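Undergrad: how does the following fold in three dimensions:
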Amino acid sequence: MPAQRPAHAPSGSFPDAAPAPAPPPDPAADSTGAIPGQPLGGRSDVRAFIRQMAAQHGFNAGRLQATFDRAYAQPSIIAAMSRPAEAKPWHSYRSIFLNAKRIEGGAAFWRANAAALARAEQVYGVPPEYVVAIIGVETQYGGNMGKYRVLEALATLAFDYPRRADYFRKELESFLLLARAEGVDPLAPRGSYAGAMGYGQFMPSSFRSYAVDFDGDGHRDLWRNPRDAIGSVAHYFKKHGWQAGEPVAVPAVIGGGNYQALVSRRLSLPQHSVGGLRGQGVSPQGPVSDGQAAMLLELQGRDGPEYWLGFHNFYVITRYNHSQLYALAVYQLSQEIRGRYLQNQARVLVPEPGVRAG
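TA: Numbers count the residues shown, from 1 in each chain. Purely as a prediction, here's the structure:
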């Protein structure tokens, strides 16, 4: 989940963007820490952050104070952070994303955006199925971009989630900078509980670094413009080292007892050659060269361990979301989507019996 936000949409134009009604003021208005019903602007730690933004980035402190006076901490976000899907075993995680609805939706999204996807592959070298699969996993092709105000999600985590407060405070800073640059009301954009935004769920820092105006209309709109979203996802992959024409993953069969020491337990670039893995009893179930660098993955399938080889492009997918489960789900969904898209295209090109073509 890198990140993104809408660049050019006017204030209040995002889904569910109407300001929340302000609760009555709380008497403890100069405290640090969340108090139910208290605007974020009443907290001393938030006021210190406002002063920092004014000093470092030239924000109007009064306007920023007024913005935080209309925003509120969301305690449900803290609970959500403790229930990541990646904590599930592979067979349960896979079933979330590998289903008929997401496969059919991916083929339909590809058909609707075929020109932009083809151009993204030409420009960045990333095949359409991987871009479509990312958008499918992240938001079901734009159908679920998140319900939280991005400002409130990021502020909640920046000030009430100590374990990662520094990270989310930087993302909050990035969000305010991009909202100012794009002329967006900071209270308008909606996103995930972690503050990720748009079709591809970019975090604000990723939006600022990798979002592109792919259709040349002068705006980077990752909420309403699938062309910009497609270009931005492909650009993200390219900037993180995607190698055009290279494989992503293949299943493997293992034998003997030497393979266990080779299983990748952490996210890193592939360290072993396919030839070296073969010598330790690992047999790839696909056409890959012995000189290809690979990592051996061991995942918890429904009926026992599953083994896969992940290549450099597999590692690139983990830069989008730091999880082997995520990357393999994206890969498998991409292959299902590609198969369904080509199947549907063949039906269009081949006339039904008794129907005269042309």
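
Undergrad: where does the protein have its least confident helix or strand?
TA: Every helix and strand of the chain was ranked by mean pLDDT, DSSP states H and E. The lowest is helix 75-81, at a mean of 90.

Undergrad: for the residue nearest to Q292 when sequence neighbours are not counted, give me the pLDDT.
TA: Using Cβ to Cβ, 6 or more residues apart in numbering and skipping the chain neighbours, the partner closest in space to Q292 is V274 (4.7 Å). Glycine gets a C-beta too; all of them are placed from N, C-alpha and C. Note on V274: pLDDT of 97.

Undergrad: residues near V274, how many?
TA: Per other Cβ atoms under 10 Å, the neighbour tally for V274 reads 22.

Undergrad: that one touches L296, doesn't it?
TA: No - applying Cβ atoms under 8 Å as the test, V274 and L296 come out as separate, 10.1 Å apart.

Undergrad: and for these two, which residues touch both?
TA: L309 (Cβ atoms under 8 Å, 6 or more residues apart in numbering).

Undergrad: any idea which strand is longest in the protein?
TA: In the chain, with assignment by DSSP state E, the single longest strand is strand 293-301.

Undergrad: and the next element down the chain from that one?
TA: strand 304-310 (DSSP states H and E).

Undergrad: ok now that next one, how far from the chain's centre?
TA: How far strand 304-310 lies from its chain's middle: 24 Å, per Cα atoms, centre = their mean, to the nearest Å.

Undergrad: buried ones in that strand, by neighbour count?
TA: By 16 or more other Cβ atoms under 10 Å, the buried positions in strand 304-310 come out as 306-310.

Undergrad: who are the packing partners of it?
TA: strand 249-254, strand 282-284, strand 293-301, helix 324-349 (3 or more Cβ pairs under 8 Å, 6 or more residues apart in numbering; DSSP states H and E).

Undergrad: and with 7 Å instead?
TA: Applying 3 or more Cβ pairs under 7 Å, 6 or more residues apart in numbering; DSSP states H and E, we find strand 304-310 packed against strand 249-254, strand 293-301.

Undergrad: mind putting those strands into JSON lines with distance to A211, mean pLDDT and mean neighbour count?
TA: Formatted as JSON lines, the helices and strands packed on strand 304-310 follow (distance: least, Cβ to Cβ, whole Å; pLDDT from 0 to 100; neighbours: other Cβ atoms under 10 Å):
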{"stretch": "strand 249-254", "distance to A211": "27", "mean pLDDT": "96", "mean neighbour count": "18"}
{"stretch": "strand 293-301", "distance to A211": "29", "mean pLDDT": "96", "mean neighbour count": "20"}
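
Undergrad: list the contacts of the longest strand of the chain.
TA: 89-91, 252, 259, 262-264, 270-274, 277, 282, 305-312, 324, 328 (Cβ atoms under 7 Å, 6 or more residues apart in numbering).

Undergrad: quick one: it to strand 304-310, angle?
TA: 160 degrees (axes from the mean of the first three to the mean of the last three Cα atoms, to 10 degrees).

Undergrad: got the CA positions of strand 293-301 in PDB?
TA: Presented in PDB, the C-alpha positions along strand 293-301 are these (Å, rounded to 0.1, in the frame of the first residue of the first chain):
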ATOM      1  CA  ALA A 293      18.500 -15.500  -8.800                       C
ATOM      2  CA  ALA A 294      15.700 -16.800  -6.600                       C
ATOM      3  CA  MET A 295      14.300 -17.000  -3.100                       C
ATOM      4  CA  LEU A 296      12.700 -20.200  -1.800                       C
ATOM      5  CA  LEU A 297       9.300 -19.500  -0.200                       C
ATOM      6  CA  GLU A 298       7.500 -21.900   2.200                       C
ATOM      7  CA  LEU A 299       3.900 -21.100   2.800                       C
ATOM      8  CA  GLN A 300       1.200 -22.700   4.900                       C
ATOM      9  CA  GLY A 301      -1.300 -24.300   2.500                       C
END
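
Undergrad: how far off helix 324-349 does that strand point, in degrees?
TA: Using the same axes, to 10 degrees: strand 293-301 against helix 324-349 is 90 degrees.
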